[in-house]
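Novice: Sharing a model prediction with you, sequence too.
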Amino acid sequence: ASQNVFGVISDAATGVIFSLLHAFDSCEIKDSSKNLRVLWVRALLNYRNKIDDDIAQELLPKTTRGLVTSESGAKLLDPILKFAEWIEARTDFIDTSLENYLTSPACRDAETQTDLECNVVLFGAGYDTRALRYRHKHSEKIHFVEVDLPEVVDGKRKLYRKFQEENDPTWDFQGDGIDGAKHTLVPFDLNNCGGDDPTSLIETLRKEGK
């Protein structure tokens with residue numbers, strides 16, 4: 001369905017605001033499908049103790065992240081929190097589901113209670129922070145495979161490398177489908193699954209995810 005005039009104006013205005021917030025961002029991240037805006041809201045929700053996500057703020061530009069990580073800045077944006085309940089609910093649901101999976105027989109030896117190697121695939125991952133939040137959990141045996149549009153994957157690879165350099169130099173992120181990598185970023189447009197000459201998502205994951 002098409003947006004009404006208010007929606008169009010609102011999107012245009014917020015687009016300009018987020019462009020300014022990232023004006024001096026060396027990573028040059030693009031706000032594809034409003035994923036970047038969700039990242040800012042997640043940082044605000046964490047600051048207000050609505051969700052547990054201390055990674056979100058680390059992925060934002062240092063020069064402007066104070067807007068959602070300081071009391072003065074957060075007060076300005078608090079009114080939008082009532083519209084962010086779906087982010088809280090989704091975070092709780094997915095995190096709980098992931099924890100249940102990691103403690104299931106598929107990921108933990110029932111006899112020895114030893115953590116097993118496990119794959120976690122995120123479709124339309126956007127700027128989801130889960131791979132970073134879980135990077136040292138489950139005995140570091142989780143292989144995250146994140147699938148999204150090429151421009152989003154490109155931006156996220158830059159953010160991951162920046163996070164590694166600034167926050168966790170020992171983290172072994174590679175992100176290029178290399179054997180042994182704990183995280184793999186797969187550029188893929190799900191729209192390509194259809195049409196006259198479809199591309200197989202499963203085959204792409206087998207090739208890139210290894």
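Specialist: Sure, I can see it. Every value quoted in this text rests on a predicted model; they were computed, and no experiment measured them.
Novice: The one helix or strand residue 159 maps to: how far from the chain's middle?
Specialist: For residue 159, the element it lies in under DSSP states H and E is helix 150-167. Distance of helix 150-167 from the chain centroid (C-alpha atoms, centre = their mean, to the nearest Å) equals 10 Å.
Novice: Which secondary structure element of this protein has the lowest mean pLDDT?
Specialist: Every helix and strand of the chain was ranked by mean pLDDT, DSSP states H and E. The lowest is helix 5-21, at a mean of 59.
Novice: Next secondary structure element downstream of that one?
Specialist: Counting by DSSP H and E, the element after helix 5-21 in chain order, helix or strand, is helix 35-47.
Novice: got the contact list for that following helix?
Specialist: Helix 35-47 is contacted from outside by 14, 18, 21-22, 29-31, 51-54, 56-57, 59-60, 65, 67-69, 74, 77, 80-81, 84, 87-88, 91, 126-127, 129, 152, using C-beta atoms under 8 Å, 6 or more residues apart in numbering. To be clear about C-beta, it is placed using only N, CA and C from the backbone, and glycine gets the same treatment.
Novice: Try it again at 6 Å.
Specialist: 51, 53, 54, 56, 57, 68, 69, 74, 77, 84, 126, 127 (C-beta atoms under 6 Å, 6 or more residues apart in numbering).
Novice: Would you reformat these as CSV and include distance to residue 140?
Specialist: Putting the contacts of helix 35-47 into CSV (distance: C-beta to C-beta, whole Å) gives the following:
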residue, distance to residue 140
51, 23
53, 20
54, 19
56, 21
57, 23
68, 29
69, 28
74, 33
77, 35
84, 31
126, 24
127, 22
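Novice: Return the subset of those lying in helices.
Specialist: Among these, DSSP state H puts 68, 69, 74, 77 in helices.
Novice: which of those residues lies closest to residue 190?
Specialist: Closest approach to residue 190 among the ones in helices among the contacts of helix 35-47 (C-beta to C-beta): residue 68, at 29.9 Å.
Novice: Where does pLDDT dip in this protein?
Specialist: Within the chain, the stretches with pLDDT under 70 are 1-19, 23-24, 28, 30-33, 174-181, 209-210.
Novice: Give the residue farthest from the middle of it.
Specialist: Here the chain reaches farthest from its C-alpha mean at residue 111, the gap being 33.9 Å by C-alpha atoms, centre = their mean.
Novice: Please tell me how far that one sits from residue 105.
Specialist: Separation of residue 111 from residue 105 (C-beta to C-beta, to the nearest Å) stands at 10 Å.
Novice: returning to what we had before: please point out which parts of the helix holding residue 159 sit buried.
Specialist: 152, 153, 154, 155, 156, 157, 159, 160, 163, 164 (16 or more other C-beta atoms under 10 Å).
Novice: Does anything pack onto it? Which helices or strands?
Specialist: strand 183-187 (3 or more C-beta pairs under 6 Å, 6 or more residues apart in numbering; DSSP states H and E).
Novice: Any idea how many residues pack against residue 47?
Specialist: 20 (other C-beta atoms under 10 Å).
Novice: ok so, going back, any idea which of the contacts of helix 35-47 has the most stuff around it?
Specialist: With neighbours taken as other C-beta under 10 Å, the top of the contacts of helix 35-47 is residue 56, carrying 26 neighbours.
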